[in-house]
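J.: Structure here, sequence nowhere to be found:
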């Protein structure tokens, strides 16, 4: 399971489902009706992804910060979903949920991931 996952419905009678998976190190995958429609890597903290699916123009806007992820989905220019990552935000901000992710825990987790990347890089370089 990806660290950040969100879904929203769109189209006539909300027949279609869009699922967003944002992984560690900037991977992003966008699915419509379980079909991959967009896959990319992004290390930015703000951005908008636009793609066509099922005859609709879909735009997902994301802004990341230490307080959480603000993300909204637009279909054909109309807002259809906001706060897509509400569960993640509840962990990041104690006022929004019961499992806060403290700044020290966040620093610890980021440091752990950086260490893992360095170890992986060293092993990979020496393995070739």
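T.: Nice, thanks for sending it over. Keep in mind the model is a prediction, meaning the values are calculated, not measured. Residues are numbered from 1 along each chain as shown.
J.: Check the contact between residue 20 and residue 5; I expect there is one.
T.: Yes: look at residue 20 against residue 5 with Cβ atoms under 8 Å: they come within range, at 6.9 Å. C-beta: built from backbone N, CA, C; applies to glycine.
J.: what about those two, which has more around it?
T.: residue 20 (22 against 16; other Cβ atoms under 10 Å).
J.: Could you find the closest non-adjacent residue to that one?
T.: In space, and not counting its chain neighbours, residue 20 is closest to residue 6: 4.7 Å by Cβ to Cβ, 6 or more residues apart in numbering.
J.: Please tell me how far that neighbour sits from residue 31.
T.: In this view, residue 6 and residue 31 are 11 Å apart by Cβ to Cβ, to the nearest Å.
J.: Now for those two: what residues contact both?
T.: Counting by Cβ atoms under 8 Å, 6 or more residues apart in numbering, the common neighbours of residue 6 and residue 31 are 19, 20.
J.: Show me which of those two is the more surrounded one.
T.: More neighbours surround residue 6 than the other of residue 6 and residue 31, with 22 against 17 (other Cβ under 10 Å).
J.: Please give the element, helix or strand, for the more buried one.
T.: Using DSSP states H and E, the element containing residue 6 is strand 4-10.
J.: Same question for residue 19.
T.: Secondary structure (DSSP H and E) places residue 19 in strand 16-22.
J.: hang on, residue 62 packs against residue 71?
T.: Yes: between residue 62 and residue 71 there is a contact under Cβ under 8 Å: 4.6 Å.
J.: overlap in contacts of these two?
T.: In contact with both residue 62 and residue 71: no residue, using Cβ under 8 Å, 6+ apart.
J.: buried stuff in the host helix or strand of residue 90?
T.: Here residue 90 sits within helix 86-92, counting by DSSP H and E. The neighbour-count check on helix 86-92 (16 or more other Cβ atoms under 10 Å) flags 88, 89, 90, 91, 92 as buried.
J.: And it, what does it pack against?
T.: Counting contacts by 3 or more Cβ pairs under 8 Å, 6 or more residues apart in numbering; DSSP states H and E, helix 86-92 packs against strand 68-75.
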